[in-house]
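*Asks:* can you look at this prediction? I've put the sequence above it.
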Amino acid sequence: MHELTDDQIREVLPQLRRFALWLTRNPAGADDLVQSGLEKALTSYATLQREENLRIWLFSILYRQFIDGERRKKRYMRILSLFKGEAEYSSSPEELALTDAVLAGFASLPTDQRAILLLVGVEGLRYREVADTLNIPLGTVMSRLSRARRQLHELAEGATAPVNPSLRRLK
(Lines give C-alpha, C1' and ligand atoms only; values in the text may rest on other atoms or scores of the structure.)
Protein backbone atom coordinates (compact mmCIF):
# COMPACT_ATOMS: atom_id res chain seq x y z
CA MET A 1 0.00 0.00 0.00
CA HIS A 2 1.98 2.96 -1.27
CA GLU A 3 -0.86 5.23 -2.35
CA LEU A 4 -4.38 5.95 -1.26
CA THR A 5 -6.57 4.87 -4.18
CA ASP A 6 -9.74 6.45 -5.51
CA ASP A 7 -11.66 3.28 -4.70
CA GLN A 8 -10.53 3.38 -1.08
CA ILE A 9 -11.62 7.02 -0.80
CA ARG A 10 -14.99 6.37 -2.47
CA GLU A 11 -15.65 3.48 -0.10
CA VAL A 12 -15.19 5.55 3.07
CA LEU A 13 -16.37 8.96 1.78
CA PRO A 14 -20.05 8.63 2.84
CA GLN A 15 -18.98 7.68 6.36
CA LEU A 16 -16.53 10.58 6.51
CA ARG A 17 -19.23 13.01 5.36
CA ARG A 18 -21.71 11.72 7.92
CA PHE A 19 -19.11 12.02 10.70
CA ALA A 20 -18.12 15.53 9.58
CA LEU A 21 -21.76 16.61 9.45
CA TRP A 22 -22.29 15.49 13.04
CA LEU A 23 -19.18 17.39 14.10
CA THR A 24 -19.87 20.65 12.26
CA ARG A 25 -23.69 20.58 12.13
CA ASN A 26 -23.34 22.42 8.84
CA PRO A 27 -23.33 20.74 5.38
CA ALA A 28 -20.92 23.24 3.83
CA GLY A 29 -18.62 23.07 6.84
CA ALA A 30 -18.77 19.28 6.73
CA ASP A 31 -17.74 19.23 3.07
CA ASP A 32 -14.86 21.59 3.82
CA LEU A 33 -13.77 19.42 6.73
CA VAL A 34 -13.84 16.24 4.63
CA GLN A 35 -11.86 17.95 1.88
CA SER A 36 -9.19 19.23 4.27
CA GLY A 37 -9.07 15.86 6.02
CA LEU A 38 -8.58 13.98 2.76
CA GLU A 39 -5.93 16.45 1.68
CA LYS A 40 -4.08 15.78 4.93
CA ALA A 41 -4.52 12.03 4.48
CA LEU A 42 -3.18 12.10 0.93
CA THR A 43 -0.09 14.01 1.98
CA SER A 44 0.64 11.78 4.99
CA TYR A 45 -0.51 8.38 3.70
CA ALA A 46 3.02 7.00 3.96
CA THR A 47 2.76 7.24 7.77
CA LEU A 48 -0.16 4.78 7.89
CA GLN A 49 0.98 1.46 9.32
CA ARG A 50 -0.08 -1.58 7.30
CA GLU A 51 -2.00 -3.06 10.21
CA GLU A 52 -3.96 0.14 10.89
CA ASN A 53 -7.55 0.39 9.74
CA LEU A 54 -7.80 3.00 6.96
CA ARG A 55 -11.27 4.13 8.01
CA ILE A 56 -10.27 4.65 11.64
CA TRP A 57 -7.14 6.50 10.53
CA LEU A 58 -9.21 8.82 8.31
CA PHE A 59 -11.73 9.44 11.11
CA SER A 60 -8.92 10.41 13.46
CA ILE A 61 -7.50 12.83 10.88
CA LEU A 62 -10.95 14.35 10.36
CA TYR A 63 -11.47 14.75 14.09
CA ARG A 64 -8.07 16.39 14.60
CA GLN A 65 -8.76 18.77 11.69
CA PHE A 66 -12.09 19.70 13.31
CA ILE A 67 -10.52 20.29 16.74
CA ASP A 68 -7.75 22.40 15.19
CA GLY A 69 -10.35 24.48 13.34
CA GLU A 70 -12.35 25.03 16.52
CA ARG A 71 -9.21 26.17 18.33
CA ARG A 72 -8.48 28.65 15.53
CA LYS A 73 -12.00 30.02 15.82
CA LYS A 74 -11.61 30.46 19.58
CA ARG A 75 -8.36 32.36 19.03
CA TYR A 76 -10.18 34.70 16.64
CA MET A 77 -12.84 35.27 19.28
CA ARG A 78 -10.19 36.11 21.89
CA ILE A 79 -8.60 38.57 19.45
CA LEU A 80 -12.00 40.12 18.80
CA SER A 81 -12.66 40.47 22.52
CA LEU A 82 -9.38 42.34 22.86
CA PHE A 83 -10.43 44.75 20.10
CA LYS A 84 -13.74 45.36 21.82
CA GLY A 85 -12.22 45.48 25.32
CA GLU A 86 -14.40 42.69 26.65
CA ALA A 87 -13.42 39.81 28.88
CA GLU A 88 -16.49 37.67 28.23
CA TYR A 89 -18.51 36.91 25.10
CA SER A 90 -22.12 37.98 24.91
CA SER A 91 -24.60 35.62 23.35
CA SER A 92 -27.33 38.09 22.48
CA PRO A 93 -28.33 38.11 18.83
CA GLU A 94 -27.22 41.72 18.48
CA GLU A 95 -23.75 40.97 19.89
CA LEU A 96 -23.40 37.89 17.69
CA ALA A 97 -24.30 39.92 14.60
CA LEU A 98 -21.79 42.60 15.60
CA THR A 99 -19.15 39.95 16.20
CA ASP A 100 -19.72 38.49 12.74
CA ALA A 101 -19.51 41.94 11.18
CA VAL A 102 -16.30 42.84 12.99
CA LEU A 103 -14.65 39.51 12.14
CA ALA A 104 -15.61 39.87 8.50
CA GLY A 105 -14.47 43.48 8.50
CA PHE A 106 -11.17 42.60 10.12
CA ALA A 107 -10.58 39.84 7.58
CA SER A 108 -11.33 42.24 4.73
CA LEU A 109 -8.74 44.80 5.85
CA PRO A 110 -5.55 44.97 3.82
CA THR A 111 -2.75 42.87 5.28
CA ASP A 112 -0.68 45.88 6.33
CA GLN A 113 -3.62 47.36 8.28
CA ARG A 114 -4.45 44.01 9.92
CA ALA A 115 -0.82 43.58 10.98
CA ILE A 116 -0.67 47.03 12.55
CA LEU A 117 -4.04 46.60 14.27
CA LEU A 118 -2.91 43.28 15.74
CA LEU A 119 0.46 44.63 16.87
CA VAL A 120 -1.08 47.68 18.55
CA GLY A 121 -4.43 46.30 19.72
CA VAL A 122 -3.52 42.74 20.68
CA GLU A 123 0.21 42.71 21.30
CA GLY A 124 0.22 46.14 22.95
CA LEU A 125 3.18 47.56 21.04
CA ARG A 126 3.71 51.31 20.93
CA TYR A 127 3.49 53.07 17.57
CA ARG A 128 7.27 53.55 17.45
CA GLU A 129 7.81 49.83 18.16
CA VAL A 130 5.42 48.90 15.36
CA ALA A 131 7.20 51.27 12.98
CA ASP A 132 10.54 49.71 13.87
CA THR A 133 9.14 46.17 13.64
CA LEU A 134 7.63 46.71 10.19
CA ASN A 135 10.38 49.06 9.04
CA ILE A 136 7.95 51.81 8.04
CA PRO A 137 7.66 55.48 9.08
CA LEU A 138 5.79 56.34 12.28
CA GLY A 139 3.28 58.44 10.31
CA THR A 140 2.45 55.43 8.12
CA VAL A 141 1.71 53.35 11.22
CA MET A 142 -0.60 56.03 12.54
CA SER A 143 -2.46 56.54 9.27
CA ARG A 144 -2.91 52.80 8.58
CA LEU A 145 -4.10 52.23 12.13
CA SER A 146 -6.53 55.13 11.81
CA ARG A 147 -7.93 53.78 8.53
CA ALA A 148 -8.29 50.26 9.95
CA ARG A 149 -10.09 51.49 13.07
CA ARG A 150 -12.35 53.73 10.99
CA GLN A 151 -13.36 50.85 8.72
CA LEU A 152 -14.13 48.61 11.69
CA HIS A 153 -16.07 51.42 13.37
CA GLU A 154 -18.14 51.96 10.22
CA LEU A 155 -19.01 48.28 10.19
CA ALA A 156 -20.02 48.41 13.84
CA GLU A 157 -22.27 51.40 13.11
CA GLY A 158 -24.28 49.50 10.54
CA ALA A 159 -22.41 49.54 7.28
CA THR A 160 -22.74 46.26 5.40
CA ALA A 161 -20.10 43.72 6.30
CA PRO A 162 -18.06 42.07 3.57
CA VAL A 163 -18.60 38.33 3.28
CA ASN A 164 -15.53 36.33 4.23
CA PRO A 165 -16.05 32.65 5.04
CA SER A 166 -12.55 32.21 6.46
CA LEU A 167 -13.48 33.90 9.74
CA ARG A 168 -16.56 32.72 11.54
CA ARG A 169 -18.02 33.16 15.01
CA LEU A 170 -18.28 30.22 17.38
CA LYS A 171 -21.52 29.63 19.23
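*Replies:* All right, it came through fine.
*Asks:* by contact count, what packs against the lowest-mean-pLDDT helix or strand in the chain?
*Replies:* Least confident helix or strand of the chain, by mean pLDDT, DSSP states H and E, is helix 93-108 with a mean of 74. Helices and strands touching helix 93-108, by 3 or more Cβ pairs under 8 Å, 6 or more residues apart in numbering; DSSP states H and E, are helix 54-84, helix 111-117, helix 138-156. C-betas here are computed from N, CA, C, even on glycine.
*Asks:* which of the ones you listed is buried the deepest?
*Replies:* Most buried of those, by mean neighbour count (mean count of other Cβ atoms under 10 Å): helix 111-117, with a mean of 18.
*Asks:* got the angle for the helix or strand following that one vs helix 138-156?
*Replies:* On the C-terminal side of helix 111-117, the closest following helix or strand by DSSP states H and E is helix 127-134. Put simply, helix 127-134 runs at 100 degrees to helix 138-156, going by axes from the mean of the first three to the mean of the last three Cα atoms, to 10 degrees.
*Asks:* go through helix 127-134 and flag the buried ones.
*Replies:* 130-131 (16 or more other Cβ atoms under 10 Å).
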